[in-house]
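Visitor: return atomic coordinates for the entry below.
(one chain, ligands or ions: 4)
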Amino acid sequence: MSPVCSAVLSSTSNSTLFPISSFPYFPRTFAGAPPISKPFVRLPNHSPARKLVYTRPSVLISDDRTAWTSSPTPGTAAESKDEGLQATPMTKLVCTIGPETCSPEWIEALAVVGMKVARVNMCHGTRAWHRAVIERVRRLNEEKGFAVAIMMDTEGSEIHMGDLGGAISAKAEDGDMWTFTVRALDSSPPERTVHVNYDGFAEDVKVGDELVVDGGMVRFEVIEKIGPDVQCRCIDPGLLLPRANLTLWRNESLVQERNAMLPTLSSKDWLDIDFGIEEGVDFIGVSFVKSAEVINHLKSYISARESIDSLKNLEEIILASDGVMVARGDLGAQIPLEQVPSVQKRIVELCRQLNRPVIVASQLLESMIEYPIPTRAEVADVSEAVGQRADALMLSGESAMGNYPDKALAVLRNVSLRIERHLKEGKHHDTMKLPVITSPLTGDVSEEISDAAANMANNLEADFVFVYTKSGHMATLLSRCRPDCPIFAFTPSASMQRRLNLQWGVTPFHLSFTDDMENNFSKTFPLLKAKGMIKCGDLVIVVSDMLQSVQVITVP
Ligand SMILES: Nc1ncnc2c1ncn2[C@@H]1O[C@H](COP(=O)(O)OP(=O)(O)O)[C@@H](O)[C@H]1O
Ligand SMILES: C=C(OP(=O)(O)O)C(=O)O
Ligand SMILES: [K+]
Ligand SMILES: [Mg+2]
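Guide: Numbering: from 1, shown residues only. Ligands and ions are numbered 1, 2, ... in the order given. Now for the predicted structure:
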């Protein structure tokens, strides 16, 4: 069995802020089928009181003084309602940072265009490189008032090729013989020789097997095994990329034994996780999760210190995670491509029902790695994900190593805004049935309140929903309802603010507040007005998770 989805765990030093039942980000695994998605977990926040803010009209409220201190990004919430294209969409945007975009200037440029979460993939780059990127994102947040969250994606136990001796790519021609070897290769390997990262590879393969690169970009047939070397003939020519994913097929089905035997988290992954905890990243992604156990294990490890194999375990895995990424690259290498869209739809729906944020990832705008505009089909794919109301869309190679990272991000933003507006204007209200998810212990008052508030907002055509929330939970419940207007979430925790940045429709602010709502309003309204984010006469539905209340207020 291979994993279907990847889970993301968010880390937090204050785990009580996020009861597991409400926040596990999800694993990227499915039972019985190949990997589909990856769950993620939250990490502990080690950074001391950081400035806050919500980025769009990036406003900064300092924790201690409750004063807005800077506004790095132009644009207002009013624009986001009326004008579309300069605004921030409800759908959140995640960018993989790579060699093209790791400079402070690029990271800032992406944040300005709308990146809410910066992702680093531990499959590539060195520890020092990752540390520098994390540091740069943090500095940007501190100095410019953004609240970009950091997601560290672990490599996971997948078989992949080595680095191609530093070459950007290598061409495999029809009929060429290539050697795949588990021997260590030096920096200038012999021609047509590729390292494989899995020691058991040469033992596991059989003559006649098909070796599939990156889900089908190139295919080889295994001709002969000579000790650690496996001789293969290219049967589908194409381009080999460094560290490309490898899968083995026998009699037209995926060879799963190896995946099933390997731990979901390799020893390298655990070292990377330690590194992530030390660096205080906000989310950790886990690939190829096969059961909820891995996620629970990781979560208890994280709290102590500070891919699922099958689709059938999906619900459990989602519940154990703080969020999920639909990793369509790995997914499409493990299940037939024509099943990927329906699996995506199912994961997105299930996550929403279970109240976990979900990211749709991979190849959304693949052609923009090379070209300044996307294909029409790519635009349609992005539209579909936005229409499914996924929490977030992610760029991989487009932002990590493409020629047009900012243009690709702008395409995601503009398509999201356009589709969201179309859905709203057409009154295509979302009718998804949302099952009660809160545990009987805590009661479902928060859910009832959130549902009612979201309904009121839609029926009264409110301009905003405000939520004053200590744990962040109420903000996630409101987001789950996918209301027509933006949700402004005020939270006293800077790490919660960053985490809420992954949540559909939520603009998180870092702000201290009290149980006295009048006092909160007299503090919040002037600050938001001064930033042009709200204006006199705006209709606001206000929810408080301490008071368990809903109020309807016209901004004075
Ligand atoms: N830290 C990095 N250093 C070098 N190259 C990177 C890095 N991160 C990403 N890349 C490049 O961007 C591509 C897309 O990134 P990603 O989707 O995360 O990885 P993958 O293609 O391995 O699934 C990678 O294949 C790699 O070429
Ligand atoms: C996002 C994906 O995984 P990664 O980039 O971690 O290999 C994917 O396979 O689609
Ligand atoms: K991975
Ligand atoms: Mg991948």
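
Visitor: any stretches of the protein with poor pLDDT?
Guide: For the chain, residues meeting the criterion pLDDT under 70 lie at 1-37, 42-86, 257-262, 306-312, 427-431, 438-443.

Visitor: make it 50
Guide: Filtered on pLDDT under 50, the chain yields the residue ranges 1-5, 11-36, 44-85, 307-310.

Visitor: which residue is nearest the middle of it?
Guide: With distances taken as C-alpha atoms, centre = their mean, the chain has residue 359 as the residue nearest its mean C-alpha position (4.6 Å).

Visitor: outside of the host helix or strand of it, which residues touch it?
Guide: Element membership for residue 359, per DSSP states H and E: strand 358-361. Residues lying outside strand 358-361 but in contact with it, judged by C-beta atoms under 8 Å, 6 or more residues apart in numbering, are 8, 26, 37, 94, 323-329, 344, 347-348, 351-352, 385, 388, 390-394, 396, 502. No exception for glycine: its C-beta is placed from N, CA and C like everyone else's.

Visitor: can you rerun that using 7 Å?
Guide: Where contact means C-beta atoms under 7 Å, 6 or more residues apart in numbering, the residues beyond strand 358-361 that reach it are 94, 323-328, 344, 347-348, 351, 385, 390-394, 396.

Visitor: I'd like the next helix or strand past the lengthiest helix in the chain.
Guide: Looking across the chain with DSSP state H, the single longest helix is helix 405-425. From helix 405-425 onward toward the C-terminus, using DSSP H and E, the following helix or strand is helix 445-459.

Visitor: how far does that next one sit from the chain's center?
Guide: Between the mean C-alpha point of helix 445-459 and the mean C-alpha point of its chain there is a distance of 26 Å (C-alpha atoms, centre = their mean, to the nearest Å).

Visitor: hey, C-alpha coordinates of that helix in CSV?
Guide: These are the backbone C-alpha positions of helix 445-459, laid out as CSV (Å, rounded to 0.1, in the frame of the first residue of the first chain):
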residue,chain,number,x,y,z
VAL,A,445,-22.1,25.5,21.1
SER,A,446,-19.2,26.9,19.2
GLU,A,447,-20.3,25.1,16.1
GLU,A,448,-23.9,26.3,16.4
ILE,A,449,-22.7,29.9,17.0
SER,A,450,-20.3,29.7,14.0
ASP,A,451,-23.0,28.3,11.7
ALA,A,452,-25.5,30.9,12.8
ALA,A,453,-23.0,33.7,12.4
ALA,A,454,-22.0,32.6,8.9
ASN,A,455,-25.6,32.3,7.9
MET,A,456,-26.4,35.7,9.3
ALA,A,457,-23.4,37.2,7.4
ASN,A,458,-24.7,35.7,4.1
ASN,A,459,-28.3,36.6,4.7
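
Visitor: elements contacting that helix?
Guide: Other helices and strands packing on helix 445-459, by 3 or more C-beta pairs under 7 Å, 6 or more residues apart in numbering; DSSP states H and E, are helix 473-480, strand 539-544, strand 549-554.

Visitor: try 6 Å this time
Guide: Other helices and strands packing on helix 445-459, by 3 or more C-beta pairs under 6 Å, 6 or more residues apart in numbering; DSSP states H and E, are helix 473-480, strand 539-544.

Visitor: how about that helix: buried residues?
Guide: Of all the residues in helix 445-459, those buried under the rule 16 or more other C-beta atoms under 10 Å are 446, 447, 449, 450, 451, 453, 454, 456, 457, 458.

Visitor: got a list of what the residue of the stretch 401-550 of the chain found nearest ligand 1 touches?
Guide: The nearest approach of the stretch 401-550 of the chain to ligand 1 comes at residue 401, 4.1 Å away (C-beta to the nearest ligand atom). By C-beta atoms under 6 Å, 6 or more residues apart in numbering, residue 401 lies in contact with 98, 99, 100.

Visitor: hmm, back to that, in helices only, show me the contacts of strand 358-361.
Guide: Secondary structure assignment by DSSP H places 328, 344, 347, 348, 351, 385 of the contacts of strand 358-361 in helices.

Visitor: who wins for neighbours among those?
Guide: Counting neighbours by other C-beta atoms under 10 Å, residue 347 comes out on top of those with 29 neighbours.

Visitor: ok so, going back, which members of the ones in helices among the contacts of strand 358-361 additionally contact ligand 2?
Guide: Contacts with ligand 2 are made by residue 328 out of the ones in helices among the contacts of strand 358-361, judged by C-beta under 6 Å from any ligand atom.

Visitor: which residues sit in contact with the residue in the chain that ligand 2 sits nearest to?
Guide: Of all residues in the chain, the one sitting closest to ligand 2 is residue 329 (2.8 Å; C-beta to the nearest ligand atom). Contacts for residue 329 (C-beta under 6 Å, 6+ apart) come out as residue 362.

Visitor: need the phi and psi values for the residue of the chain positioned farthest from its centre.
Guide: Largest separation from the mean C-alpha position in the chain: residue 226, at 41.8 Å (C-alpha atoms, centre = their mean). Its backbone dihedrals place residue 226 at phi -130, psi 90, with angles given as degrees, to the nearest 10.

Visitor: just to revisit the earlier point, ok, now how distant is the residue of the chain closest to ligand 2 from residue 364?
Guide: Residue 329 sits 11 Å away from residue 364 when distances are taken as C-beta to C-beta, to the nearest Å.

Visitor: same deal with residue 177?
Guide: 36 Å.

Visitor: comparing these two, which shows the higher neighbour count?
Guide: In terms of neighbours (other C-beta under 10 Å), residue 364 is the more surrounded of residue 177 and residue 364; the figures are 23 against 12.

Visitor: give me the secondary structure label for that one.
Guide: Counting by DSSP: H, G, I helix; E, B strand; the rest coil, the backbone at residue 364 sits in coil.

Visitor: residues contacting it?
Guide: Taking C-beta under 6 Å, 6+ apart as the contact definition, residue 364 lies against 382, 393.

Visitor: 10 Å - rerun?
Guide: 328, 374, 378-379, 381-382, 385, 393-396, 398, 408, 411-412, 415 (C-beta atoms under 10 Å, 6 or more residues apart in numbering).

Visitor: just the buried residues of the residues you listed.
Guide: The neighbour count (16+ other C-beta under 10 Å) marks 328, 374, 378-379, 381-382, 385, 393-396, 398, 408, 411-412, 415 as buried among the contacts of residue 364.

Visitor: also within reach of ligand 1: list those from the residues you listed.
Guide: Among those, ligand 1 is touched by residue 396 when using C-beta under 6 Å from any ligand atom.

Visitor: what separates the residue lying closest to residue 432 once chain neighbours are set aside from residue 99, distance-wise?
Guide: Closest residue to residue 432 apart from its sequence neighbours, by C-beta to C-beta, 6 or more residues apart in numbering: residue 352 at 6.5 Å. According to C-beta to C-beta, residue 352 and residue 99 sit 35 Å apart.

Visitor: more neighbours: the two, which one.
Guide: residue 352 (23 against 11).

Visitor: residue ranges of the strands in the stretch 251-400 of the chain, please?
Guide: Counting by DSSP state E, counting those that start in this stretch, the stretch 251-400 of the chain has strands at residues 253-254, 283-286, 323-327, 358-361, 392-395.

Visitor: could I get those as JSON lines with distance to ligand 2?
Guide: Conversion of the strands of the stretch 251-400 of the chain to JSON lines gives the following (distance: least, C-beta to the nearest ligand atom, whole Å):
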{"stretch": "strand 253-254", "distance to ligand 2": "15"}
{"stretch": "strand 283-286", "distance to ligand 2": "7"}
{"stretch": "strand 323-327", "distance to ligand 2": "3"}
{"stretch": "strand 358-361", "distance to ligand 2": "4"}
{"stretch": "strand 392-395", "distance to ligand 2": "7"}
